[in-house]
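**Q** Only the shape, not the letters, is given here:
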Ligand code: GDP
């Protein structure tokens, strides 16, 4: 069983005399809170373990590479999730690395990813974009990258699996630049083509770091760093080529620029092989050196809340039913300001009611550790959080603070929901409302369809399964779901144009409960295009993932 320990207590904590706030900016400054965005199979779970290994939180990574063996790290608490061996929910892994406290937020990575995956990105300060060296940018990576770009999250790119045959390094950089208009700024450059990984050329120092394989990646990869002269002698043509390509990059304006990174225009790029722990240390060091520490978060009044104000945070995820015996409800809160202490009574901004944090935990997968204190950038799991919903704010002191609601994301899957037993219509209604409030699914309605059969909308179809599972377990209603043929939603900017869409025969307009936005649903891009050609006056707006 893996044990993840919080490291916050190893260093002097903020002094309690002033409400414990004096050391908060310093505590925040040494935190790095990020998530990994990738397509399934790019190696996210493996990399997560490798990162934790380097931070010496877990001593043996080799033993947990199999899907079955890594349950301690991957969140897997729902029974359904276990049966599938995939991760539906997400939480945070915290570990210390030197003086830095790393918070790695888990972004569920299956093809059936959900709104939760996107929402995690509202709680990170930066992201690592993980690419498979043979595949480059893949669909799910692109979607998640869109959210990062929209939210202005700086992205570091890690090209993984360099130990296996793959594409050319320059070609991968070119793809990043042309497809997502992000300037690649390689910090190191691979020596040896994909499949013959010798090590990396550090583009800053000009030195060569040679990686040596260790059996199954079970221990830290052996590294040897040497000057260019010796590298040229020992690596010959591989070294020459790396140097030439690196010079070419400098000529094309790919040298590092921190401002361009922070503003989301450019991405530092690193090469490695997570499974062999190669390049993982370099990635961790880069995160520590370049990624931003938690910054003051802007509230609904557009005012940034200083880090040393009393505690505040927002709920970015609510998880129910993790423990079937107790059916507890956990709200994951990202701390934005102040010092969080377990047991403190905070105010729930949405209701003005007090909320006791006696049962504060840190969790990742099945591991739960009671958390005693937390600082900006950290994630705290609050148990028994029945009143808390996704996007809610918690704070201490007056005046009250509220952070903006989390955005809804562009749904791509739609199902009509009905109760199997009409006698339980009331429970059904309550259940649907609850799921909508928690952000499990989006709920859409129209007069035409009537209130008895709302349409559930989701980013990934697995949200429907979670919804059905929840409604049955908690409200005793079996859900009947009929999939609708739509895959695309557009905002209908002018409500009086609803009939144009409804009469088209292939599309319809539904209103979203959450924000009252009218969404026009279409089966495919062709249907959108042909209706627009027929009715040039029709105003449709794209929903960016992350709006
Ligand atoms: P995830 O779906 O993104 O979490 O990916 P996993 O971590 O499960 O990795 C998918 C597969 O790729 C597994 O079989 C890993 O062992 C393998 N893998 C991950 N990283 C590397 C790497 O650096 N090199 C090679 N050759 N295989 C890797």
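**A** Arrived safely, thanks for sending. These numbers come from a predicted model, not from an experiment.
**Q** Most proximal residue of the stretch 51-200 of the chain with respect to the ligand?
**A** Using Cβ to the nearest ligand atom, the closest approach of the stretch 51-200 of the chain to the ligand is made by residue 161 at 3.9 Å. In short, each C-beta sits where N, CA and C put it, glycine included.
**Q** confidence score at the residue lying closest to that residue once chain neighbours are set aside?
**A** Nearest residue to residue 161 in three dimensions, chain neighbours excluded: residue 133, at 4.8 Å (Cβ to Cβ, 6 or more residues apart in numbering). Residue 133 is assigned 97 on the pLDDT scale.
**Q** wait, what's in contact with residue 133?
**A** Going by Cβ atoms under 8 Å, 6 or more residues apart in numbering, residue 133 touches 159, 160, 161, 162, 164, 166, 167, 172, 194, 271.
**Q** at 6 Å instead, please
**A** 159, 161, 162, 166, 194 (Cβ atoms under 6 Å, 6 or more residues apart in numbering).
**Q** For ChimeraX, what selects the buried ones among those residues?
**A** Only the buried entries of the contacts of residue 133 go into this ChimeraX selection, using 16 or more other Cβ atoms under 10 Å:
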select :159,161,162,166,194
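**Q** did I read that right, residue 482 in a strand?
**A** Yes. Assessed by DSSP: H, G, I helix; E, B strand; the rest coil, residue 482 belongs to a strand.
**Q** How many residues are close by it?
**A** 11 (other Cβ atoms under 10 Å).
**Q** ok, what's across the strand from it?
**A** Residue 482 forms beta bridges with residue 416, as assigned by DSSP bridges.
**Q** Wait, it touches residue 416, no?
**A** Yes. Taking contacts as Cβ atoms under 6 Å, residue 482 lies within contact range of residue 416: 4.5 Å.
**Q** so what does the helix or strand hosting residue 231 touch, helix or strand wise?
**A** In this assignment (DSSP states H and E), residue 231 forms part of helix 228-235. The helices and strands touching helix 228-235, judged by 3 or more Cβ pairs under 6 Å, 6 or more residues apart in numbering; DSSP states H and E, number zero.
**Q** List the buried residues for the helix or strand just after it?
**A** On the C-terminal side of helix 228-235, the closest following helix or strand by DSSP H and E is helix 237-251. Applying a neighbour-count criterion of 16+ other Cβ under 10 Å, one finds 238, 239, 241, 242, 243, 245, 246, 249 buried in helix 237-251.
**Q** Figure out how far helix 237-251 is from the centre of its chain.
**A** Here the centre of helix 237-251 is set off from its chain's centre by 34 Å, with Cα atoms, centre = their mean, to the nearest Å.
**Q** what about residue 456, which SS state?
**A** What three-state DSSP gives for residue 456 is strand.
**Q** wait, what's in contact with it?
**A** Counting by Cβ under 6 Å, 6+ apart, residue 456 touches 415, 417, 441.
**Q** Count the neighbours of the closest residue to it other than its chain neighbours for me.
**A** Nearest non-adjacent residue to residue 456, counting by Cβ to Cβ, 6+ apart: residue 441, 4.5 Å away. Residues lying near residue 441 (other Cβ under 10 Å) number 27.
**Q** and residue 441, backbone torsions?
**A** Here is the backbone geometry of residue 441 (degrees, to the nearest 10): phi -140, psi 170.
**Q** show me the contacts for it.
**A** For residue 441, the contacting residues are 435, 456, 458, 463, 467, by Cβ under 6 Å, 6+ apart.
**Q** can you do 10 Å?
**A** 114-115, 411, 413-415, 417, 432, 435, 454-459, 463-464, 466-467, 470 (Cβ atoms under 10 Å, 6 or more residues apart in numbering).
**Q** and the gap between it and the ligand?
**A** Taking Cβ to the nearest ligand atom, to the nearest Å as the measure, residue 441 falls 24 Å from the ligand.
**Q** Could you do residue 272 as well?
**A** From residue 272 to the ligand the distance is 7 Å (Cβ to the nearest ligand atom).
**Q** quick one: average pLDDT of whatever helix or strand residue 499 lives in?
**A** Secondary structure from DSSP H and E places residue 499 in helix 498-502. Averaging pLDDT along helix 498-502 gives 94.
**Q** Show me what it is in contact with.
**A** Here helix 498-502 makes contact (Cβ under 10 Å, 6+ apart) with 446-448, 490, 492, 494, 507-511, 518-522, 531, 534-535, 537-538, 540.
**Q** Give the PyMOL command for selecting the buried subset of these.
**A** A single PyMOL command selects the buried members of the contacts of helix 498-502 (16+ other Cβ under 10 Å):
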select buried, resi 446+490+492+507+508+509+510+511+518+519+520+521+522+531+538+540
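**Q** Filtering the contacts of helix 498-502 by proximity to the ligand, which remain?
**A** Filtering the contacts of helix 498-502 for proximity to the ligand by Cβ under 6 Å from any ligand atom leaves nothing.
**Q** for the stretch 301-450 of the chain, what spans make up the strands?
**A** With DSSP state E, counting those that start in this stretch, the ranges of strands along the stretch 301-450 of the chain come out as 304-305, 312-320, 329-337, 340-341, 345-348, 353-356, 360-364, 367-370, 373-374, 379-382, 393-395, 413-419, 442-445.
**Q** Need these in JSON lines (columns: mean pLDDT).
**A** Below are those laid out as JSON lines (pLDDT from 0 to 100):
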{"stretch": "strand 304-305", "mean pLDDT": "96"}
{"stretch": "strand 312-320", "mean pLDDT": "88"}
{"stretch": "strand 329-337", "mean pLDDT": "89"}
{"stretch": "strand 340-341", "mean pLDDT": "90"}
{"stretch": "strand 345-348", "mean pLDDT": "94"}
{"stretch": "strand 353-356", "mean pLDDT": "89"}
{"stretch": "strand 360-364", "mean pLDDT": "58"}
{"stretch": "strand 367-370", "mean pLDDT": "58"}
{"stretch": "strand 373-374", "mean pLDDT": "89"}
{"stretch": "strand 379-382", "mean pLDDT": "87"}
{"stretch": "strand 393-395", "mean pLDDT": "97"}
{"stretch": "strand 413-419", "mean pLDDT": "96"}
{"stretch": "strand 442-445", "mean pLDDT": "96"}
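**Q** Mean neighbour count added to those, as a markdown table?
**A** Shown next, in a markdown table, are the strands of the stretch 301-450 of the chain (neighbours: other Cβ atoms under 10 Å):
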| stretch | mean neighbour count |
| --- | --- |
| strand 304-305 | 16 |
| strand 312-320 | 25 |
| strand 329-337 | 27 |
| strand 340-341 | 22 |
| strand 345-348 | 18 |
| strand 353-356 | 12 |
| strand 360-364 | 23 |
| strand 367-370 | 16 |
| strand 373-374 | 24 |
| strand 379-382 | 25 |
| strand 393-395 | 26 |
| strand 413-419 | 21 |
| strand 442-445 | 23 |
